[in-house]
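sequence plus the predicted model coming up.
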Amino acid sequence: MTNLVIQPASSETSKAHFVHTVDPRHRDLYPKNTPFPPGAATMTPGMRLSDPHVRNELTIQDLQVLRAVHGMDGNVAFWGVTDKVGGDNLRNWTKINAGDRVIFTGKVTDLRTGKPSKTGYAYATGVVTHKFRNHALAERLWGVDDNGHAWELMYAIADVTRISIDYATLNAATLKKDGTPYNPRNVPQGFDVLPPEQVEAVFKLPSLADLEPRRADLEAQTIEEELRPFVGETDAEQTAQRRLEQGALRKHLLPGSTGVCDLCGRTFSERFLVAAHIKPRSQCTGAERVDFDNVAMLNCVFGCDALFDKGYIAVQPDGRIKASRLLSRTEMSYVTANLVTRPVSARSSGRALYFDWHERNKFKP
């Protein structure tokens, strides 16, 4: 079930936040006296996960979730609200789930008329992919408000799209807790999260009806819920963390029902493929463990996974397989027939360091 996150954003400060970390493409949202940057109209919404200002402030767990959903170096739109005295923002923020739809509202230029809206409207939307609290990242991105509060109750957004829903239409489709519609003149006054039963008709409005979440967004809540609890240091927690991290890694490497073994190049159904670390997880740094695009590969269970894991084969700098002299004649015949006849395309520049580590530390000459 999908909630609707109502996010008013029409002050000069919030518009500056919007173009900085959500969507830079729209001239009308830039604060007064702020020039429209060259090339902004064609820029990708959000910020790159490889940006040090983002990556260095995220926890390993949050970075895992975001990379699993958005890609290793994907673009992510960020928004946040302050934890004000009274707790309304915090109470509403805790209701947000991955997969919820957010709409940004306010008195900004109406796309239909090209003039400033007199009453305000819903002008942008996206899908929430992750919710997290991060004071350091919020302060890095947006500073603090006049009272010294950072917008640290954060959430990540995908599929940012401009829309145009006037308040009268939005109010007619939105129900109060008692089941009655809002007054047509109602103006959203603050950050709010409305449950599915109050906003069913909103999702059927023309501006939103055709905006279906991507598959990755639908999986985001599961990934988030699986990874977040396992942040401790006990053996049980570390075992669970490894298992759940492996699940996220497998989803990243094998999004469909079939895949190709990175060593032998043959296509198999998902039940015969494993997400195999090139450099063992126990030897990886925190950053290496979430380097999903490079630290791991797909291996089939018909010999390739066991041979590589036990160090009986290695991938050389030219991409070709070399085999251990410890293999028996039967084992060597398998390697010769299936592996040494082709270069391994999986040895990319990003994976080279991991394959070199494996050859130095695990391969049995």
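Structure's in. What do you need?

what about the spatially most central residue of the chain, which SS state?
Residue closest to the mean C-alpha point of the chain, counted by CA atoms, centre = their mean, is residue 66 at 3.0 Å. Judged by DSSP: H, G, I helix; E, B strand; the rest coil, the three-state class of residue 66 is helix.

and it, what does it touch?
Listed by CB atoms under 8 Å, 6 or more residues apart in numbering, the contact partners of residue 66 are 49, 58, 74, 76, 129-130, 156. From N, CA and C alone the C-beta is placed, and that goes for glycine too.

just the closest of these to residue 357, please.
Using CB to CB, residue 49 is the member of the contacts of residue 66 that lies nearest residue 357, at 23.8 Å.

give the contact list for the closest one.
So residue 49 contacts 55, 63, 66-67, 70-76 (CB under 8 Å, 6+ apart).

if we use 6 Å, what do you get?
73-74 (CB atoms under 6 Å, 6 or more residues apart in numbering).

just residue 292 next, same as before
67, 72, 249, 252.

now do residue 305
The contact partners of residue 305, by CB under 6 Å, 6+ apart, come to 274, 276, 299.

who wins for neighbours among those residues?
residue 299 (26 neighbours; other CB atoms under 10 Å).

the helices in the stretch 101-250 of the chain, which residues?
Along the stretch 101-250 of the chain, counting by DSSP state H, counting those that start in this stretch, helices occupy 135-142, 167-173, 196-199, 206-209, 215-227, 235-253.

could you export the contacts of residue 66 as CSV, including pLDDT and distance to residue 202?
Formatted as CSV, those follow (pLDDT from 0 to 100; distance: CB to CB, whole Å):
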residue, pLDDT, distance to residue 202
49, 90, 31
58, 90, 32
74, 83, 28
76, 93, 25
129, 85, 20
130, 87, 23
156, 94, 22
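
which of the residues you listed has the most neighbours?
residue 129 (30 neighbours).

residue contacts, residue 199?
By CB under 6 Å, 6+ apart, the neighbours of residue 199 are 4, 174.

if we use 10 Å, what do you get?
Residue 199 is in contact with 2-6, 101, 103, 170, 173-175, 193, 208, counting by CB atoms under 10 Å, 6 or more residues apart in numbering.

what segments of the stretch 251-365 of the chain are helices?
286-289, 304-309, 329-338, 352-361.

how about the ones you listed in TSV, adding distance to residue 18 and mean pLDDT?
Listed next are the helices of the stretch 251-365 of the chain as TSV, based on distance: least, CB to CB, whole Å; pLDDT from 0 to 100:
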stretch	distance to residue 18	mean pLDDT
helix 286-289	30	73
helix 304-309	47	92
helix 329-338	54	88
helix 352-361	39	93
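
quick one, strands of the chain?
4-8, 47-48, 75-81, 101-106, 121-133, 153-166, 192-194, 258-260, 267-269, 273-277, 296-300, 313-315, 321-323 (DSSP state E).

so what touches the second one?
In other words, strand 47-48. In contact with strand 47-48 (CB under 10 Å, 6+ apart) are residues 20-22, 24, 53-55, 70-71, 73-78, 141, 156.

what about it, average pLDDT?
Strand 47-48 comes out with an average pLDDT of 91.

wait, what's in contact with the residue lying closest to residue 263 once chain neighbours are set aside?
Leaving aside its sequence neighbours, residue 263 sits nearest to residue 304 (CB to CB, 6 or more residues apart in numbering; 4.2 Å). The contact partners of residue 304, by CB under 10 Å, 6+ apart, come to 261-266, 273-274, 276, 297-298, 313, 321, 334-335, 338-339.

who does the closest residue to residue 190 other than its chain neighbours bridge with?
Setting aside the residues directly before and after it, residue 190 is nearest to residue 8 in space (CB to CB, 6+ apart), at 6.4 Å. On the basis of DSSP bridges, residue 8 is bridged to residue 105.

distance check, residue 340 against residue 291.
28 Å (CB to CB, to the nearest Å).

the more surrounded of the two?
Neighbour count, other CB under 10 Å: between residue 340 and residue 291, residue 291 has more, with 19 against 14.

and for the closest residue to the more buried one other than its chain neighbours, the neighbour number?
Closest residue to residue 291 apart from its sequence neighbours, by CB to CB, 6+ apart: residue 72 at 7.0 Å. By the criterion of other CB under 10 Å, residue 72 has 17 neighbours.

quick one on the thing from earlier: tabulate the contacts of residue 292 (JSON lines), appending distance to residue 14 and pLDDT.
Formatted as JSON lines, these follow (distance: CB to CB, whole Å; pLDDT from 0 to 100):
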{"residue": "67", "distance to residue 14": "28", "pLDDT": "81"}
{"residue": "72", "distance to residue 14": "30", "pLDDT": "73"}
{"residue": "249", "distance to residue 14": "37", "pLDDT": "70"}
{"residue": "252", "distance to residue 14": "34", "pLDDT": "72"}
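
report the two of the residues you listed separated the most.
72 and 249 (11.3 Å).

where do the contact lists of these two overlap?
With CB under 10 Å, 6+ apart as the test, residue 72 and residue 249 both reach 290, 292.

distance of the closest residue to residue 249 other than its chain neighbours from residue 109?
Spatial nearest neighbour of residue 249, excluding adjacent residues (CB to CB, 6+ apart): residue 275 at 4.6 Å. Per CB to CB, residue 275 is found 47 Å from residue 109.
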